[in-house]
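K.L.:
3D, please:
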Amino acid sequence: MTWKRHIILIFSMTSLTLLTLEIGLRGYDAFQGRSFWKTYGNILAEPIKLFPFRTFGFDLYKTVDGQTYISSRHKELYPVKKPSNTFRIVCIGGSTTENLVEGVHYPKALESRLKERLGRDNIEVINLGNSAYATPHFIILLALDVVSWNPDLVILSENVNDLAATYFPNFTYDYSNKYSNPFFFPDYASRFTIPNVLFQHSRLYWFIYHRLHKNPTYSVQRKSYGYVPSPVSSAVFKRNLQSFVTLAQGNGIPVLLASQPLHPSEEYFVNHMAYKPYNDIAVYPLQGEFVSHHRYYNTIIEEVAAETKSFYLDNDAILRGETDYFVDPVHYTRKGVEQLAENYANYIIKHNIITSHQRQSVVSSLQNNTN
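P.N.:
Numbering: from 1, shown residues only. The predicted model follows:
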């Protein structure tokens, strides 16, 4: 019977150890302000939403006590119907607009600056940035949602997400060659594995799971494309920007287009792109060519602003290459986020964009400013 006692003892000690670890982790969660009973880290409990037309993103609306609000990218709430005497700015872009560092993102920092410098509280700056969004997503956001929010100004800054579509095989006008990649869709198979389902309520299991599934790295494929990006993709990017501005201006909404800053370091580029699981099909240009392509796309933004008589801010001229502002080629440090907000605040105040609560005044301001 000795071997049976040994087995029982080993089983009992193992169970006690696992139970102790489970209780310890849940106690730590409770100490951190999370629930002791909720299984923190359970990916099966995370909601999966498919957004019609946009295919991925975040929920733009939240209902509180029976009232529906606009919910920004970082969950600040704004009334769907703009309050009277309020100047509403909507910031649209990809992850560089979403960019949250130490609790700060540029739209919120911009809102604070404008309120302080103009001495008024009735200014809203709503962040609609979302990682990987490109101009097709922006057009849909504007058409289906933002126009109905009656904004007084829309800020749009994006470059690299559109540019990246060039580096996926078989370029298509709607970027489906890029956004049909499984990376941009919920992966049910990898979530609902047998172990995940069986142990989904174990905090210890998810603690181990997330340490075994840290972001893997992938090789970055590169080849020469030449220093000028594809004329077809460049034309599509310009067309999309023109469509966006036309839709906004057709609804009486002024647009501020801005270039996207870049840090040209090859080390920054490779370190950032090494975590992209679609690197098995995406092939990037040589570093000097990528920098040239990015600058070319910024030039297109400036051209569209001039042709459509939109406001234009060259953020790239201010932040470009400044290491203190970047954590990778396009995303910002806290200092970079603050500088971006400063750029927009200075521009908006210099051009008297917030001169009244009526959009017509902004349009008149735009027509009177040639810079």
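
K.L.:
Can you give the contact residues for stretch 214-233?
P.N.:
Applying C-beta atoms under 8 Å, 6 or more residues apart in numbering, the external contacts of stretch 214-233 come out as 162-163, 165-166, 171, 270, 273-277, 279-280, 282-289, 292-293, 296-297. C-beta: built from backbone N, CA, C; applies to glycine.

K.L.:
make it 6 Å
P.N.:
Residues outside stretch 214-233 that contact it (C-beta atoms under 6 Å, 6 or more residues apart in numbering): 166, 171, 270, 273-275, 279, 283-286, 289, 292-293, 296.

K.L.:
Quick check: the gap between the closest residue to N130 other than its chain neighbours and I7.
P.N.:
Once flanking residues are discounted, N130 sits nearest to G57: 5.0 Å by C-beta to C-beta, 6 or more residues apart in numbering. Distance from G57 to I7, counting by C-beta to C-beta, to the nearest Å: 52 Å.

K.L.:
If you count contacts, what does the lengthiest strand in the chain end up packed against?
P.N.:
When the chain is scanned for its longest strand (criterion: DSSP state E), the result is strand 87-93. Contacts defined by 3 or more C-beta pairs under 6 Å, 6 or more residues apart in numbering; DSSP states H and E place strand 87-93 against strand 123-127, strand 153-157.

K.L.:
between these, which gets nearest to S180?
P.N.:
Of all these, it is strand 153-157 that lies closest to S180, at 24.3 Å by C-beta to C-beta.

K.L.:
roughly how far out does the closest one sit from the chain middle?
P.N.:
Strand 153-157 sits 14 Å away from the centroid of its parent chain (C-alpha atoms, centre = their mean, to the nearest Å).

K.L.:
how about the CA coordinates for that strand, as PDB?
P.N.:
The C-alpha trace of strand 153-157 is given here as PDB (Å, rounded to 0.1, in the frame of the first residue of the first chain):
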ATOM      1  CA  LEU A 153     -14.000  70.700 -36.900                       C
ATOM      2  CA  VAL A 154     -12.600  67.300 -37.900                       C
ATOM      3  CA  ILE A 155      -8.800  66.600 -37.600                       C
ATOM      4  CA  LEU A 156      -7.400  63.800 -39.800                       C
ATOM      5  CA  SER A 157      -3.900  62.500 -39.700                       C
END
